[in-house]
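Here is the input, now give the coordinates:
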Amino acid sequence: MTQSNKFIIAKYIDDNKADIIQKCNEGMPVYDIAELYGVANSTIYLRLVKWGVRINKYRGARGRRLGKPVKFKRKFSPEFLAHQAEITRLNEGKIKYIEFERTTEDQRLIRNIIQHPIIG
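Okay, here's the model as predicted:
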């Protein structure tokens, strides 16, 4: 992108400042606003910060916890789910879980190894 294109985009965004701020205050996500104006997300985000608009950054998992509707839900094919279940079943038969008991002697040994590495 040339320098003149950057100025054209900046002027275009500045000309639509009131609309962009209004959409942001109505709760429209930054990426939707950027898509609407055909620019990068960072362009809109940086302009909003420059204009002093407060942006709600927590729209993902936090919004779902608050009971807001999820925009889309990922769907997997039945073949993929069956394949995934088969792999899980095979791995559970092979993997053994081992519990280690930590002692002060172990911690001392590890600390000494880290502090005095063997150079060979």
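
what does the domain assignment say about this protein?
3-65, 78-115 (automatic domain parsing).

Which helix in the chain has the most residues?
Secondary structure assigned by DSSP state H gives helix 78-94 as the longest helix of the chain.

which residues are contacting that helix?
Contact with helix 78-94 is made by Phe76, as judged by Cβ atoms under 8 Å, 6 or more residues apart in numbering. To be clear about C-beta, it is placed using only N, CA and C from the backbone, and glycine gets the same treatment.

Alpha carbons of whichever helix or strand comes after it, as CSV, please.
Sequence-wise, the next helix or strand downstream of helix 78-94 (DSSP states H and E) is helix 104-115. Below are the C-alpha coordinates for helix 104-115, written out as CSV (Å, rounded to 0.1, in the frame of the first residue of the first chain):
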residue,chain,number,x,y,z
THR,A,104,12.8,-32.0,49.1
GLU,A,105,15.7,-34.1,47.9
ASP,A,106,14.3,-34.1,44.3
GLN,A,107,13.8,-30.3,44.4
ARG,A,108,17.4,-29.9,45.6
LEU,A,109,18.8,-32.1,42.9
ILE,A,110,16.8,-30.2,40.2
ARG,A,111,17.9,-26.8,41.5
ASN,A,112,21.6,-28.0,41.5
ILE,A,113,21.3,-29.3,37.9
ILE,A,114,19.8,-26.0,36.8
GLN,A,115,22.4,-23.9,38.6
